[in-house]
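A.B. asks: just to be clear, the model below is a prediction. Sequence and coordinates:
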Amino acid sequence: MTDVKDPILPGQGGTDYERYLRTDELLALQSPPGRMAHRDELLFQTIHQASELWMKLACFEITTAISHVQADHLRPAIRLLRRAVAGLDQVHNATLMLEHLAPWDYHSVRSQLGHGSGFDSPGFRQIHDLSPQLASAFMTLVDRRGASLHDIYRFSDQHADLFDLAERLMDWDERLLLWRTLHLKLVERVIGSAVIGTQGTPVEVLGRRLDIRYFQPLWDIRNALTAEAGTSPA
């Protein structure tokens, strides 16, 4: 008789948990102690590998959300956008772990990076590709509904689903802005602000790339509403 603790799934590992999650492979992706230039390589690799997984999930959800928006299925799109934003929150939390990397210790880790740079992150690049597609799908939907951003925000009860969707897009854009800012400040904390990065880019140049907004019209409508509120009777 088979014991319920015996694995039945194919693959490596002594348990089905290990086989399903492929933990043997996953936990072998980090440099072993004997090959580390510094023990904090494990910290550095864990931060970035975990972030890539969360960004992969976030982008997976965004891709499906785009299809839902294009099909005017807003409830599932909003649900997936919430999940994608929560994924970015996990990236934010992982990035905070860089606070535990001492400046001098990092230079031992940096010697192992070659020309590696955060700009090469597959997750970061995919976010950069997908976000404009999401913005385009939303604006196309607004036009198809015969609405305007002013109407959606001024009379939100009448356009509740579009308003909720727009606010989830703002969540996504805001989280990306906060994450880029956090990343820059932690780079400055570890290596300084007046230095050159691994691909020859001055750290100060990164600061000029912080304020990238994929949903600029949603930020602009707030300016318009504030101006309108200041000139209209209560």
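C.D. replies: Arrived safely. Keep in mind that this is a model prediction, so the values were computed, not measured.
A.B. asks: averaged pLDDT, stretch 175-184. What do you get?
C.D. replies: For stretch 175-184, mean pLDDT is 94.
A.B. asks: buried ones in it?
C.D. replies: Going by neighbour count (16 or more other Cβ atoms under 10 Å), the buried part of stretch 175-184 is 175-177, 179-180, 182-184. Where you see a C-beta, it was placed from the backbone N, CA and C, and this is true even at glycine.
A.B. asks: among those, which are in helices?
C.D. replies: In helices, defined here by DSSP state H, the members of those are 175-177, 179-180, 182-184.
A.B. asks: could you work out the most separated pair of those residues?
C.D. replies: In terms of Cβ to Cβ, those reach their longest pairwise distance at R175 and L184, which sit 15.0 Å apart.
A.B. asks: next, the distance between the ends of stretch 209-217.
C.D. replies: With Cα to Cα, to the nearest Å as the measure, the ends of stretch 209-217 fall 19 Å from one another.
A.B. asks: show me the shaky parts of the protein.
C.D. replies: 1-2, 197-201, 204-207, 232-234 (pLDDT under 70).
A.B. asks: all helices of it, in order?
C.D. replies: 16-21, 23-26, 41-70, 74-96, 103-110, 122-144, 149-154, 160-191, 203-207, 216-231.
A.B. asks: mind checking how far the nearest residue to L178 once chain neighbours are set aside is from A28?
C.D. replies: Residue nearest to L178 in three dimensions, not counting chain neighbours: H92, with 6.8 Å by Cβ to Cβ, 6 or more residues apart in numbering. Taking Cβ to Cβ, to the nearest Å as the measure, H92 falls 27 Å from A28.
A.B. asks: for these two, indicate the residue with more neighbours.
C.D. replies: Set H92 next to A28 and count neighbours by other Cβ atoms under 10 Å: H92 wins out with 16 against 9.
A.B. asks: distance of the most centrally placed residue in the chain from D211?
C.D. replies: Residue closest to the average C-alpha location in the chain (Cα atoms, centre = their mean): L88, at 3.9 Å. As defined by Cβ to Cβ, L88 lies at a distance of 17 Å from D211.
A.B. asks: R168 now?
C.D. replies: According to Cβ to Cβ, R168 stands 21 Å off from D211.
A.B. asks: who has more neighbours, those two?
C.D. replies: Just comparing R168 and D211: by other Cβ under 10 Å the higher neighbour count belongs to R168, 22 against 9.
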